[in-house]
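Undergrad: Any chance you could fold what I've pasted below:
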Amino acid sequence: MMESQCSCSTLRQLTRKMTNIYDRHLAANALTISQYSLLARVGKYGPIGVITLAAGMGMDRSTMSRSLKPLMSAGWVEAAGLPLAMLTDKRSFGVSLSDEGRRKWKESMPNWRNAQDEITTILGEQTHQELKRLLDHANAMFEQSENATA
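TA: Reported below is the predicted structural model:
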């Protein structure tokens, strides 16, 4: 294997490999890891404003809207009224899981867990934990840098 000097290429290669594992396990639920992640985030924090949701997932508003569209069309995510204080601007709206969306999220959890377990088996528990710690730390550093320049 050639050593890469580009941090982005190396990280993208790893994320493609991990994404393939999650997507293979979640295919039984007709979900991708991106869709599962949205269902899980909305399920855990909803009702939630779309801009807040996007920020928490490192996305911009338009990408989040495109990502939510198929989940809303499937009836898993629905618009939710939120108090004005919870919305970041007048164009924002809230979302929550429908009953069907909550069922979809819950039924797909075991397959998500199987994907997590497969990744831990490949990496080993210690490497997997170190990787998550390092990624959390790197994300925090980027957020700090973005906030300093904003």
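Undergrad: Need phi/psi at residue 44.
TA: phi -80, psi -40 (degrees, to the nearest 10).
Undergrad: From here on, call the first residue 381.
TA: Okay, residue one is now 381; in that scheme the one you just asked about reads as residue 424.
Undergrad: Roughly how far does it sit from residue 522?
TA: Distance, residue 424 to residue 522, using C-beta to C-beta, to the nearest Å: 23 Å. (Glycine included, C-beta is placed from N, CA and C.)
Undergrad: now do residue 529
TA: Computed as C-beta to C-beta, the residue 529 to residue 522 distance reads 11 Å.
Undergrad: Comparing the two, which shows the higher neighbour count?
TA: Between residue 529 and residue 522, counted using other C-beta atoms under 10 Å, the more crowded position is residue 522 (11 against 5).
Undergrad: Now the more buried one: phi and psi?
TA: Dihedral angles for residue 522 - degrees, to the nearest 10 - are phi -70, psi -40.
Undergrad: and the spatially most central residue of the chain, what element?
TA: Taking C-alpha atoms, centre = their mean, the centroid of the chain lies closest to residue 417, which sits 3.7 Å from it. Using DSSP states H and E, residue 417 sits in helix 413-425.
Undergrad: Then residue 476?
TA: Counting by DSSP H and E, residue 476 is part of strand 474-477.
Undergrad: Residue 481 now?
TA: According to DSSP H and E, residue 481 maps onto helix 479-503.
Undergrad: Kindly report the same for residue 392.
TA: Here residue 392 sits within helix 387-406, counting by DSSP H and E.
Undergrad: so that helix versus helix 413-425, what angle?
TA: Here helix 387-406 runs at an angle of 80 degrees relative to helix 413-425 (axes from the mean of the first three to the mean of the last three C-alpha atoms, to 10 degrees).
Undergrad: so where's this structure uncertain?
TA: The chain contains residues with pLDDT under 70 at 381-384, 462-471, 530.
Undergrad: List the buried residues in the helix holding residue 392.
TA: Buried residues in helix 387-406, counted by 16 or more other C-beta atoms under 10 Å: 398, 401-403, 405-406.
Undergrad: Check which helices and strands it sits against.
TA: Packing partners of helix 387-406 (3 or more C-beta pairs under 8 Å, 6 or more residues apart in numbering; DSSP states H and E): helix 413-425, helix 479-503.
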